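>>> Here's a sequence, model it:
(2 chains)
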There are 2 protein chains.
Amino acid sequence: MNPELIALDWGTSSLRAFLIARGEVLVQRHSHHGIQHLPQPGRAGFEQAFREIASDWLQDQADLPVFACGMVGSAQGWCEAPYVRCPADMKSLVNQSVYVDSGRGTKILIAPGVLFDHPDELPDVMRGEETQIAGALLMNSNWSAESCMVLPGTHSKWVKIKNGSITRYKTFMTGELFDVLCKHSILGRLMPSENDSADIDLEANFRAFKLGVTTAQRITPGALSHEIFATRTLGLTGHLPHTSLSEYLSGLLIGHELISGLAGAGDLQDVPLLMIGDSALCARYQNALTIIGSLEAIFLENSAPAGLWMLAKTAGLVSNSGTQP
Amino acid sequence: MNPELIALDWGTSSLRAFLIARGEVLVQRHSHHGIQHLPQPGRAGFEQAFREIASDWLQDQADLPVFACGMVGSAQGWCEAPYVRCPADMKSLVNQSVYVDSGRGTKILIAPGVLFDHPDELPDVMRGEETQIAGALLMNSNWSAESCMVLPGTHSKWVKIKNGSITRYKTFMTGELFDVLCKHSILGRLMPSENDSADIDLEANFRAFKLGVTTAQRITPGALSHEIFATRTLGLTGHLPHTSLSEYLSGLLIGHELISGLAGAGDLQDVPLLMIGDSALCARYQNALTIIGSLEAIFLENSAPAGLWMLAKTAGLVSNSGTQP
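Sure thing, here's the model as predicted:
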């Protein structure tokens, strides 16, 4: 099969490249040259990172189209692709994509992010997730009609889809909050360091995670910073072993996210709930969903290459053959 | 006036020493030798820090009693004074104080902390604040009958007092959460660095602070980590100037604390609400109280020396003369 597209998922801390034909990923590569870890500063850094990961793919086929998504299109990226406002469908994402010269003749099309900005609510931004969502929409037309998509991570997204458009969404800082609290606050002091090889007590860990989720589920307005502090006091008082304290904090923060995300998702009786992302993290979210109310989500692994393929097809960069990677 | 007591407020990052007679502070000293910044490790470090700050006071009067409170009595301190359980009155604090030898003949009495541990609620600990509370109780007997005391700070406390006892309390990690988010998360990236000498726009700052407080006041269960992320998106979208983003975050976190703290404080119509601590921080809390519901608190500066004097008197270390510093 002849390659038809080079797809780049270019975020803050990493760059993933996919060689695709008829929607199928032929080769996949990974580099640490995220936009904050370029081999040299500025435009030259982007050019070098791109050359290093994909130049041999272009050797035989110099006219291979290239489509990129993620922070590469931000104000700190290679070339800014301004946000599309909600409701954002796939067509508008393609229409507001921008071209950048790769420095070797090839042009790269960069997808924009999506902005939610409504006078009665807090504004929100995404960049990269819209392409994962495009990939998921390609897989099942029911999901395009109406669905709720959750993308857990550093900055988790809860996204409402209706009639093929991203109508609204919310970001939760769950993953980053967990990280900075474990690494930079007093809470980390009681937690064993990563080098400690203490036996893992799965039962104690699950009990701690569940306590975190059920604490969130009590819905005590305004109390999160008190509940976060309990990560320390539950350890000091011996209610939880020190090796399980991070599980309590994880359950607490995910639980709070679920309470708010589900409230915004509306009735999920007839609307599918999807989870897209790292499978271990998605499993953690599913555990919390089960504790909260026996809800079941549908899981998808990284759908960014599928989304890049779909957007490239919508942009007319590739033939209409194939369906999904 | 002859000195009657050396009082030590010995926390994690600093040591304050007060020379007191008849309840009046004659001399006050400060050192950076908190229990985590001792001049040398272990017992010898405590002995040296104490010698450096107070040995000349003991030269003429070797039998001057010494009373200490704070993290010096924790498991990581000079000598552990185990927690007193709620309800904790001043007598029980004194009864569970422990003596440690200063290394030069003088004995130092160290106050314990207070533990709240109830099966239906998250456990909580304080160490040092109980002494500030003792000082406040000394000032007005009505407050001893019933009051709500707020001690804003790194780990803010909301404390219920009834019949001279600390009956219950909650810690909120407000101050530390604010610090780690500004210093170690993505939110800090849009905030001007401390070296930037941008003009301060007081009106924009107050508008940002108010937006934070009113966002908390909306009471959207589980949404705090979304509201925290808005510190970034409000800047990215131009709704708030970058110089005011930290004010939004401050208002948001203090607002959440107030919502939960006030809910736990019960009816404040007949019960005084006191605020003890740094006056600039207390003023910030009062601003938030005013935005939320025109509540007025009574302010007290650091009441730790008064508390140490009162506890020393209850312990019989000093004469019954005098009232308060």
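>>> how close does the residue nearest to A:Ile166 when sequence neighbours are not counted get to B:Leu234?
Spatial nearest neighbour of A:Ile166, excluding adjacent residues (CB to CB, 6 or more residues apart in numbering or on different chains): A:Ala88 at 4.7 Å. C-beta here means a position set from N, CA and C on the backbone, and glycine is covered the same way. As judged by CB to CB, to the nearest Å, A:Ala88 and B:Leu234 stand 20 Å apart.
>>> before we move on, what SS does A:Ile166 have?
Using DSSP: H, G, I helix; E, B strand; the rest coil, the three-state assignment for A:Ile166 comes out as strand.
>>> Ignore what I typed, I meant A:Asn142.
Recorded secondary structure, A:Asn142: helix (three-state DSSP).
>>> Name the nearest residue to it, sequence neighbours excluded.
Leaving out its chain neighbours, the residue that sits closest to A:Asn142 by CB to CB, 6+ apart is A:Pro272, at 6.9 Å.
>>> Quick check: the one you found vs chain B, distance?
From A:Pro272 across to chain B, the span is 21 Å (CB to the nearest CB, to the nearest Å).
>>> Quick one: residues contacting that residue.
A:142-143, A:147-148, A:298 (CB atoms under 8 Å, 6 or more residues apart in numbering or on different chains).
>>> Ramachandran angles for the residue nearest to A:Ile166?
Main-chain torsions, A:Ala88, degrees, to the nearest 10: phi -120, psi 120.
>>> Wondering if the longest helix seen in chain A reaches chain B at all.
Longest helix of chain A, by residue count under DSSP state H: helix A:245-265. Yes. Residues of helix A:245-265 contacting chain B under CB under 8 Å from any CB of the partner chain: A:253, A:255-261, A:263.
>>> and the residues you listed, which are buried?
A:253, A:255-261 (16 or more other CB atoms under 10 Å in any protein chain shown).
>>> A:Arg16 - nearest residue in space that isn't next to it in sequence?
A:Asp9 (4.3 Å).
>>> and if you look at A:Phe46?
A:Trp78 (4.2 Å).
>>> returning to what we had before: so the residue nearest to A:Arg16: helix, strand or coil?
strand.
>>> could you say what helices and strands the longest helix of chain A packs with?
Counting contacts by 3 or more CB pairs under 8 Å, 6 or more residues apart in numbering or on different chains; DSSP states H and E, helix A:245-265 packs against strand A:156-162, strand A:165-172, helix A:174-184, helix A:202-217, helix A:224-236, helix A:279-293, helix B:224-236.
>>> For the stretch 51-200 of chain A, give me the ranges with low pLDDT.
A:197 (pLDDT under 70).
>>> ok so, going back, and after the longest helix of chain A, which helix or strand comes next?
Sequence order places strand A:273-276 as the next helix or strand after helix A:245-265, per DSSP states H and E.
>>> residues in contact with the residue lying farthest from the centre of chain A?
The centre of chain A is farthest from one residue, A:Thr237, which by CA atoms, centre = their mean lies 36.7 Å away. Counting by CB under 8 Å, 6+ apart, A:Thr237 touches B:115, B:117, B:123, B:125.
>>> what does the stretch 101-250 of chain A put close to chain B?
Residues of the stretch 101-250 of chain A lying near chain B (CB under 8 Å from any CB): A:115, A:117, A:122-125, A:155, A:170-174, A:176-177, A:180-181, A:183-186, A:215-216, A:219-230, A:232-234, A:236-237, A:239.
>>> In ChimeraX, select just the buried ones from those residues.
Typed into ChimeraX, the next command selects the buried ones out of those (criterion: 16+ other CB under 10 Å):
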select /A:115,117,122,123,124,125,155,170,171,172,173,174,176,177,180,181,184,185,186,215,216,220,221,222,223,224,225,226,227,228,229,230,232,233,234,236,237,239
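>>> My reading is that the residue nearest to A:Phe46 lies in a helix. Confirm?
No. Counting by three-state DSSP, A:Trp78 is not found in a helix; it is coil.
>>> give me phi/psi at it?
phi -70, psi -40.
>>> what's the burial count for it?
Neighbour count for A:Trp78, taken as other CB atoms under 10 Å in any protein chain shown: 26.
>>> Surely it touches A:Val72?
Yes. Counting by CB atoms under 8 Å, A:Trp78 does reach A:Val72; the two are 5.1 Å apart.
>>> now for the host helix or strand of A:Ala68, which elements pack on it?
Per DSSP H and E: A:Ala68 is located in strand A:66-69. Packing partners of strand A:66-69 (3+ CB pairs under 8 Å, 6+ apart): strand A:5-10, strand A:107-110, helix A:304-314.
>>> Adjacent strands (with direction) for it?
Using DSSP bridges, strand A:66-69 pairs in its sheet with strand A:5-10 (parallel), strand A:107-110 (parallel).
>>> Which of the residues in the last one are classified as buried?
For strand A:107-110, a neighbour-count test (16+ other CB under 10 Å) marks A:108-110 as buried.
>>> now those in TSV, with distance to B:Pro192?
Shown next, in TSV, are those (distance: CB to CB, whole Å):
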residue	distance to B:Pro192
A:Ile108	33
A:Leu109	35
A:Ile110	29
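>>> measure whichever residue of the stretch 51-200 of chain A sits closest to chain B to B:Ile53 for me?
In the stretch 51-200 of chain A, no residue comes nearer to chain B than A:Leu122, which is 4.0 Å away by CB to the nearest CB. A:Leu122 sits 48 Å away from B:Ile53, going by CB to CB.
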